[in-house]
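J.: Give me a model of this one.
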Amino acid sequence: MPHSIKRIRTLALVGQAGCGKTSLAEALLAAAGAISSPGSVARGDTTCDYTPLEKTLGHSLKLAVASFEAEAGGEGASIHLLDTPGYPDFLGHSLPALAAVETAAIVIDAQKGVEMMSGRFMQWAGRRGLDRLVVVNKIDAAEGADLERLLAEIQEAFGKECLPLNLPAGNRSRVNDCFFAPSGEADFSSVEAVHRQLIEQVVEVDEKFTEAYLENSDVDPGSLHEPLERALREGHLIPVVFTSATTGAGVAELLQVIVRLLPNPTEGNPPAYIATPAGGGEASELVPVPDPGRHVLAHVFKIEIDPYVGRLAVFRVHQGRLTPGTQLYIGEGRKPVKAGHLYRLRGKQQMEVSEALPGDICAVTKIDEIRFDHILHDSPADAHVHARPLELPAPVFGLAVQPRKRGDEQKLSDVLHRIVAEDPCLHIEHNTQANETVIRGLGEMHLKTLLEKIQAQYRLDLETRPPAIPYRETVAARADGHSRHKKQTGGAGQFGEVYLRVEPLPRGAGFEFVDSVKGGAIPSQFIPAVEKGVRNVMESGFVAGYPLQDVRVTVYDGKSHPVDSKEVAFVSAGRKAFLDALAKARPIVLEPIVNVDITAPEARMGDIAGELAGHRAHIKGSDTPRAGTVQITAQAPLAELESFPTRLKSLTAGHGSYRLEFSHYEPAPPQLQSKLSAAHRPSAGEE
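T.: Model (predicted):
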């Protein structure tokens, strides 16, 4: 059958870790005949969890694409299925999937019900305008679980628009269709009653069908394609289906839903691109048109780097048509490249294709210039077009790393930059003051997995420690300082004398250097040398060895010698005068304060509040974004939060998440000031 846009379906399986997304992907692949039999997570032979580390750990660590052909109900479809990790630590791999699909399938464990990540993915998908589908999986293992009650829980959490397309039957051994051909009994509720609910919900979006329904008391489901797609687009209907990836119950029916009901690229809500004028100005929204006759716009949502194969860039085509050899521009780059081959992916398997149409998810290899979130286009005029930003959480959990073996520093740098290219929620920073490389991610599991990958894949052993806290210093009072630098060595001497004043500035003001010298007491050509000496101390600190900030230094007098005054003399005099003033200006240590936003089960609020109080935090407020969930806003010293992620995970059984954002600096408590000062050898006496 010829490839066409109307046959394309894109679907991301998202949800809490352990709900069976990878097993469900296997069951769908097997039901469509794309694989001979379903693989098993326990055996480590699934299509989507193909890396050695995923096989060892038994859960997904990255986004995987599985493309396949399927037929159901006499209709055929080309399906791009995305399997995503469910742990919050790997959101950098799961959230990008939402930028590549028309439909998000929120998978729910029938035994555990609506969990934290289920709700968060439902919200994220809704904000991106995606069609949404709820898949209740593991119905075979739900002994003692009340599926009728679970459906009510889903409707309470996500709205009454969540209606079942099928119902479990035969004591959960199969499901009965409630939409296309409603018949038979169900383990709960009534197939006929649910069918009527579905029809009424769909026809509500179309006045013509509403009138027909009121006149005839029924409508042929086969005639409802357009209003159904509109109801899905507008969130007026969120279908619920029941499956068991293990027994196969409901899997064929889910495949039929994907083929016959889910939108093709012309029926879903189009993604929003952002266009910035080349000469500057206000950005505007650009909506791509799923037309193969237009110029190409494709979004790169996944980068994978294999030590042997090289860089693999996975993208979703939103506009235009790509063929092997198409000349493409990468983001704002002006030099075009040619992709020699186009591939569809099925796990690690790469299948070469002759074209990619709007809606297709394909990959190109060995083009090192392509980065995550780049736009691929074939027109230089689109150089300033960008994808709508993803709601990616900020990486705040840090570890300082260094190679165990001396001489591996460059190898470490190369490896870290490769891994960061694959994960938008991993950052590398170098603390020059502490001379340490810090990796920041979303949590302890995130970084632990990263270290295991570095050791296993790149044979690089690392030593780790908590990163240094970025303390700062400032002054609490105004004071004057003076220094005369005089040196005679037999030939030309050195002479410079400086009088200056220091005073505190408002928090966050930074550093000001003011030249108030009158009458040329210090010649103007030596003022930069004085500032250089002052800045040397600003960088190295005074009381505890941390950089100074929020200080104004005013040079107001001094002396020079017509022969012996040199730049080096005024650098030294400026430095010593500043140290003299600092000693009298009540220097203090500042500690960084961060905003903490915590989302957790409402029942754990008391425990979390108590934990925060034990870390010198101040709770600013709380909110209930949805039933059963609380959002706590607080401020706390960064130094106190080193063990907080682990404690939060323990208190909430892994259902809590947090986000940190720098707020401001505050004076550290006296005990901490004394401890930091004692650990530092003062530089005041150093030359």
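J.: What residues of stretch 500-511 count as buried?
T.: Residues 500, 501, 502, 503, 504 are the ones in stretch 500-511 that count as buried (16 or more other CB atoms under 10 Å). For the C-beta atoms, the positions are set from N, CA and C on the backbone; glycine is no exception.
J.: so residue 446, which of the three states?
T.: Of the three states, residue 446 takes helix under DSSP: H, G, I helix; E, B strand; the rest coil.
J.: Please list all residues in contact with it.
T.: Contact partners of residue 446, counting by CB atoms under 8 Å, 6 or more residues apart in numbering, are 89, 90, 397, 425, 426.
J.: how about a cut-off of 7 Å?
T.: 89, 90, 397 (CB atoms under 7 Å, 6 or more residues apart in numbering).
J.: And residue 397, what's its pLDDT?
T.: Note on residue 397: pLDDT of 81.
J.: Any idea what it is bridged to?
T.: Beta bridges link residue 397 to residue 441 when assigned by DSSP bridges.
J.: Identify the spatial nearest neighbour of residue 277, chain neighbours not counted.
T.: Excluding its sequence neighbours, the residue lying closest to residue 277 (CB to CB, 6 or more residues apart in numbering) is residue 384, at 6.9 Å.
J.: Please look at the one you found and residue 276 and confirm they touch.
T.: Yes: if you go by CB atoms under 7 Å, residue 384 and residue 276 touch, sitting 4.4 Å apart.
J.: Where does residue 105 sit: helix, strand or coil?
T.: Secondary structure, three-state DSSP: residue 105 is strand.
J.: Low-confidence stretches in the stretch 551-687 of the chain?
T.: Along the stretch 551-687 of the chain, the parts satisfying pLDDT under 70 run over 626-627, 681-687.
J.: mind redoing it with 90?
T.: Along the stretch 551-687 of the chain, segments meeting pLDDT under 90 span 561-566, 594-605, 611, 614-615, 621-631, 638-664, 677-687.
J.: quick one: the strands in it?
T.: Shown for the stretch 551-687 of the chain, the strands assigned by DSSP state E, counting those that start in this stretch span residues 551-559, 587-601, 618-626, 629-637, 657-667.
J.: Can you lay out the ones you listed as a markdown table showing distance to residue 337 and mean neighbour count?
T.: Shown next, in a markdown table, are the strands of the stretch 551-687 of the chain (distance: least, CB to CB, whole Å; neighbours: other CB atoms under 10 Å):
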| stretch | distance to residue 337 | mean neighbour count |
| --- | --- | --- |
| strand 551-559 | 50 | 20 |
| strand 587-601 | 41 | 20 |
| strand 618-626 | 44 | 13 |
| strand 629-637 | 45 | 18 |
| strand 657-667 | 37 | 16 |
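J.: Any idea which of the ones you listed gets closest to residue 297?
T.: Residue 297 lies closest, by CB to CB, to one member of these: strand 657-667, at 31.3 Å.
J.: any idea whether the nearest residue to residue 147 once chain neighbours are set aside is helix, strand or coil?
T.: Spatially, and ignoring its direct neighbours in sequence, residue 147 is nearest to residue 168 (5.9 Å; CB to CB, 6+ apart). At residue 168 the chain is in strand, as set by three-state DSSP.
J.: Could you report the distance from residue 382 to residue 355?
T.: Residue 382 sits 20 Å away from residue 355, going by CB to CB, to the nearest Å.
J.: sorry, that was for residue 586
T.: Counting by CB to CB, the gap from residue 586 to residue 355 is 72 Å.
J.: can you check residue 623 too?
T.: Remark: distance between residue 623 and residue 355 (CB to CB) = 49 Å.
J.: so what secondary structure elements neighbour the helix or strand containing residue 24?
T.: Using DSSP states H and E, residue 24 maps to helix 21-31. Applying 3 or more CB pairs under 7 Å, 6 or more residues apart in numbering; DSSP states H and E, one finds that helix 21-31 makes contact with strand 8-14, strand 64-72, strand 75-83, helix 251-260.
J.: How about the secondary structure of the residue nearest to the spatial centre of the chain?
T.: Nearest to the centroid of the C-alpha atoms of the chain, with distances taken as CA atoms, centre = their mean, sits residue 392, at 3.0 Å. At residue 392 the chain is in coil, as set by three-state DSSP.
J.: Is it correct that it is in contact with residue 95?
T.: Yes: between residue 392 and residue 95 there is a contact under CB under 7 Å: 6.0 Å.
J.: Next, count neighbours for residue 287.
T.: The number of residues packed around residue 287, counting by other CB atoms under 10 Å, is 11.
J.: now the strands of the stretch 551-687 of the chain in TSV, with distance to residue 241?
T.: Converted to TSV, the strands of the stretch 551-687 of the chain look like this (distance: least, CB to CB, whole Å):
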stretch	distance to residue 241
strand 551-559	64
strand 587-601	26
strand 618-626	22
strand 629-637	25
strand 657-667	27
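J.: Ok, which of those strands comes nearest residue 239?
T.: Within the strands of the stretch 551-687 of the chain, the stretch nearest residue 239 is strand 618-626; the backing value is 20.3 Å (CB to CB).
J.: Run the angle between that closest one and strand 587-601 for me.
T.: 20 degrees (axes from the mean of the first three to the mean of the last three CA atoms, to 10 degrees).
J.: Report the contact partners of residue 541.
T.: 473, 547, 548.
J.: Dump those into CSV; add secondary structure as well.
T.: Listed next are the contacts of residue 541 as CSV, based on three-state DSSP:
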residue, secondary structure
473, strand
547, coil
548, strand
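J.: Domain map for the chain?
T.: 5-158+166-173+240-260, 273-387, 397-465, 473-585, 590-673 (automatic domain parsing).
J.: could you pull out the helices for the stretch 101-250 of the chain?
T.: 116-127, 147-158, 191-203, 207-216, 225-233 (DSSP state H, counting those that start in this stretch).
J.: Any idea which of those helices has the lowest pLDDT on average?
T.: Note on the helices of the stretch 101-250 of the chain: lowest mean pLDDT is at helix 207-216, with a mean of 84.
J.: Go through that one and flag the buried ones.
T.: Neighbour counts over helix 207-216 (16+ other CB under 10 Å) mark 209, 210, 212, 213 as buried.
J.: Same list (these) but as JSON lines, adding distance to residue 71.
T.: JSON lines is the format used below for the buried residues of helix 207-216 (distance: CB to CB, whole Å):
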{"residue": "209", "distance to residue 71": "28"}
{"residue": "210", "distance to residue 71": "33"}
{"residue": "212", "distance to residue 71": "30"}
{"residue": "213", "distance to residue 71": "30"}
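J.: So of those, which two are at opposite extremes in space?
T.: Spatially, the most separated pair among the buried residues of helix 207-216 is 210 and 212, at 7.3 Å (CB to CB).
J.: Contacts for stretch 456-463, please.
T.: 52-53, 307, 401-405, 408, 411-412, 415, 451, 454-455.
J.: If any of those residues are buried, give me the ChimeraX selection for them.
T.: Only the buried entries of the contacts of stretch 456-463 go into this ChimeraX selection, using 16+ other CB under 10 Å:
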select :401,402,403,408,412,415,451,454
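J.: when you check the contacts of stretch 456-463 against the helices, which ones overlap?
T.: Secondary structure from DSSP state H places 52, 53, 411, 412, 415, 451, 454, 455 of the contacts of stretch 456-463 in helices.
J.: could you dump the helices of the stretch 101-250 of the chain to JSON lines with distance to residue 598?
T.: Output for the helices of the stretch 101-250 of the chain, formatted as JSON lines (distance: least, CB to CB, whole Å):
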{"stretch": "helix 116-127", "distance to residue 598": "12"}
{"stretch": "helix 147-158", "distance to residue 598": "20"}
{"stretch": "helix 191-203", "distance to residue 598": "36"}
{"stretch": "helix 207-216", "distance to residue 598": "45"}
{"stretch": "helix 225-233", "distance to residue 598": "33"}
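J.: Hmm, residue 84 is touching residue 97, no?
T.: Yes: the pair residue 84 / residue 97 is scored as a contact, 5.0 Å apart, by CB under 7 Å.
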